[in-house]
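Engineer: What follows is a predicted protein model with its sequence.
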Amino acid sequence: MHLRPLFLALLLAVAGCGRTTRGDDRPDGEPPYSGYPRVLAGAGNSCLLDAAGRLSCWGHLSESLQPPPRAFALVDFELGWCGLERDGTLSCWPTAEMNDVGAFPPGRYRAVSTRGMHACGVRLDRTLVCWGDPQGGLNDSPGGLFQDVAVGNRHVCAIRADGTLVCWGANHNGEANPPPGAFVQISSGSFMSCARNIDNVVACWGAQETFGAIHNRQARSVHTGGKSTCVIELDGTLTCTGANDHLSHPPAGRFVQMDIGVEHACALRADGSVACWGRDLYGETKPPGG
């Protein structure tokens, strides 16, 4: 699959100016649609969300994991899946296996993050709600207005409307102690979180062995998952580190977007091609046509 020249130029321009993962610059009430393709990595499966909102997946895909036939603007998954349509309508599946994660609060959303049996979302009015497994106080989200949210293993972090960070839940490794500052992107893994500030400087906190030297360096975007952390460097190349050796050697080339699953990751090149790497149990690192 290849992108048209005009689309490619727009995609590179967005990546170069440091657009946030969720599109946090859009005004209140605007549907969460970026118009750009994205790759996603979960637990033994991977997906490509194309520019038209169609979701195509590979790897471990039971019948219950098949997405509903809708056009999505944003999808997030690990064990369970949640997707936003272009008008902010939220769908989560499969509800039975997710311990009522599918029973989300009413409203329309601009961002959603899910991990295990828990999920959080930012509504179009920027209020934050969390639902699913009630253990550990993860559903006790703070009040106020928010840009984005990222669900970790047993903790959650979110970016407030003014760019400051707040985290709650388990704090065995300092993962619920975010640094001060104004941030535009957030990502949470098993025992850590990382965020990128307005100057493209990455800050990470929690279990240091999961992010290492990525803390306090400049990057276009930062991504966490499981026990690893990756960044898309300013020149578009990938750097990964952490306690998962499966992810420590990313593919060469220049990339515009990526996502980390449990033990594998996928990244999207500027020409629209997808590269995946890491542990391959169900074909999750073998994209169609790759």
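Structural biologist: Looks like it came in fine. Numbers count the residues shown, from 1 in each chain.

Engineer: can you list the residues that contact stretch 267-287?
Structural biologist: 1-3, 8, 11-12, 15, 37-39, 41, 44-46, 48, 58-60, 232, 236, 238, 244, 246-247, 249-251, 253-259, 261, 263-266, 290 (C-beta atoms under 8 Å, 6 or more residues apart in numbering). Bear in mind the C-beta positions are built from the backbone N, C-alpha and C, glycine included.

Engineer: can you pull out the strands in the stretch 1-150 of the chain?
Structural biologist: 38-41, 45-49, 55-59, 72-77, 81-85, 90-93, 109-115, 118-123, 128-132, 146-151 (DSSP state E, counting those that start in this stretch).

Engineer: Would you confirm that residue 264 contacts residue 41?
Structural biologist: Yes - Residue 264 lies in contact with residue 41 (C-beta atoms under 8 Å); the separation is 5.8 Å.

Engineer: Using TSV, please lay out the strands of the stretch 1-150 of the chain together with mean neighbour count.
Structural biologist: Output for those, formatted as TSV (neighbours: other C-beta atoms under 10 Å):
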stretch	mean neighbour count
strand 38-41	24
strand 45-49	24
strand 55-59	20
strand 72-77	24
strand 81-85	25
strand 90-93	20
strand 109-115	27
strand 118-123	27
strand 128-132	21
strand 146-151	25
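
Engineer: tell me, which of those is the model least confident about?
Structural biologist: Of all the strands of the stretch 1-150 of the chain, mean pLDDT reaches its minimum on strand 90-93 (a mean of 88).

Engineer: Low-confidence ranges, this protein, go.
Structural biologist: Low-confidence segments of the chain, defined by pLDDT under 70: 1-35, 64, 95-102, 290.

Engineer: 50 instead, please
Structural biologist: For the chain, the stretches flagged by pLDDT under 50 are 1-31.

Engineer: residue ranges for the helices of it, please.
Structural biologist: Ranges of helices within the chain are 5-16, based on DSSP state H.

Engineer: Could you list the buried residues of stretch 246-258?
Structural biologist: For stretch 246-258, a neighbour-count test (16 or more other C-beta atoms under 10 Å) marks 246, 247, 250, 254, 255, 256, 257, 258 as buried.

Engineer: who touches it?
Structural biologist: 11-12, 14-15, 36-39, 221, 223, 228, 230, 232, 235-242, 260, 263-270, 275, 277-279.

Engineer: which among those end up buried?
Structural biologist: For the contacts of stretch 246-258, buried by 16+ other C-beta under 10 Å: 11, 14-15, 36-39, 221, 223, 228, 230, 232, 236, 238, 240-242, 260, 263-270, 275, 277-279.

Engineer: That's all I had, so thanks and see you.
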